[in-house]
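S.K.: just coords:
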């Protein structure tokens, strides 16, 4: 059994001392965001991820330094990693939700989306392949928006676990239908093998859909918890 922790948070209202936890490239990324809401989500995600990593490594969050090297350009804006620690993590945020998924080694991908976003025909056709579209059109009209975001978050989570993001065409992945156990049924990309991909739908609260994918042949046990700076103290639970 492979365990996966998923922690949810709402964006930090006050910056306070949290900015001191960012290294120079992270501070540059933080300051590059024009909107305060985007800055708050980025900062919250980094603080939460460093707190969780520090907990596992027996360190304070200030001692955690991520490697965020982009595989394409080499700059520090890729997904955060902790090479050599036996820890894998994935960050996702949307609206008033910030999430971090952590495992003890197997690659993990997390995605959360706000269901308030309109799923128009162009977006649906871009995301779902023919088999999925046929199933989606059979859903009652009132369930189609939620059904679409179930497909979307499952696909995004799997692609992030593979470390390739949208380099993998969304339509190249076939997911199980909404309302059924989340599974990757088919993949046109060798980076994702259905027999080595385990998934779970998550509960980030009303108005959101989320999913996590772990690249393992084991069954997965996923726990979801909520975090706030007041509950974490110095990062040690």
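M.R.: Good, I have the coordinates. In this text the structure is predicted, and so the values were computed from the model without any measurement. Residues are numbered from 1 along each chain as shown.
S.K.: so who does the closest residue to residue 171 other than its chain neighbours touch?
M.R.: Closest residue in space to residue 171, ignoring its immediate chain neighbours: residue 129 at 4.2 Å, by Cβ to Cβ, 6 or more residues apart in numbering. Backbone N, C-alpha and C define where each C-beta goes, glycine included. Counting by Cβ atoms under 8 Å, 6 or more residues apart in numbering, residue 129 touches 171, 172, 173, 174.
S.K.: may I ask which of those has the most neighbours?
M.R.: The residue in the contacts of residue 129 with the most neighbours, by other Cβ atoms under 10 Å, is residue 173 (27 neighbours).
S.K.: what distance do you get for the closest residue to residue 202 other than its chain neighbours to residue 176?
M.R.: Leaving out its chain neighbours, the residue that sits closest to residue 202 by Cβ to Cβ, 6+ apart is residue 210, at 4.0 Å. Applying Cβ to Cβ, to the nearest Å, the value for residue 210 to residue 176 is 16 Å.
S.K.: how many residues are close by residue 116?
M.R.: Applying other Cβ under 10 Å, we find 11 other residues in the vicinity of residue 116.
S.K.: hmm, I typed the wrong one, I wanted residue 123.
M.R.: 14.
S.K.: give me the element it is part of.
M.R.: Using DSSP states H and E, residue 123 sits in helix 121-127.
S.K.: quick one, which of residue 210 and residue 176 is more surrounded?
M.R.: With neighbours defined as other Cβ under 10 Å, residue 210 and residue 176 compare such that residue 210 has more, 28 against 17.
S.K.: show me what that one bridges to in the sheet.
M.R.: Beta bridges link residue 210 to residue 112, residue 202, judged by DSSP bridges.
S.K.: from residue 204, how far off is it?
M.R.: Going from residue 210 to residue 204 by Cβ to Cβ gives 5 Å.
S.K.: quick one: common contacting residues for those two?
M.R.: 97, 99, 112.
S.K.: neighbours of residue 60, how many?
M.R.: Other residues lying near residue 60 total 16 when counted by other Cβ under 10 Å.
S.K.: was I right to think it contacts residue 54?
M.R.: Yes: at 5.5 Å, residue 60 and residue 54 qualify as touching, with contact defined as Cβ atoms under 8 Å.
S.K.: so where do the helices sit in this structure?
M.R.: Here the chain has its helices, by DSSP state H, at 24-32, 36-57, 121-127, 130-138, 144-161, 229-232.
S.K.: the bottom helix or strand of the chain by mean pLDDT?
M.R.: The weakest-scoring helix or strand in the chain, judged by mean pLDDT, DSSP states H and E, is helix 229-232 (a mean of 64).
S.K.: great, nothing more from me.
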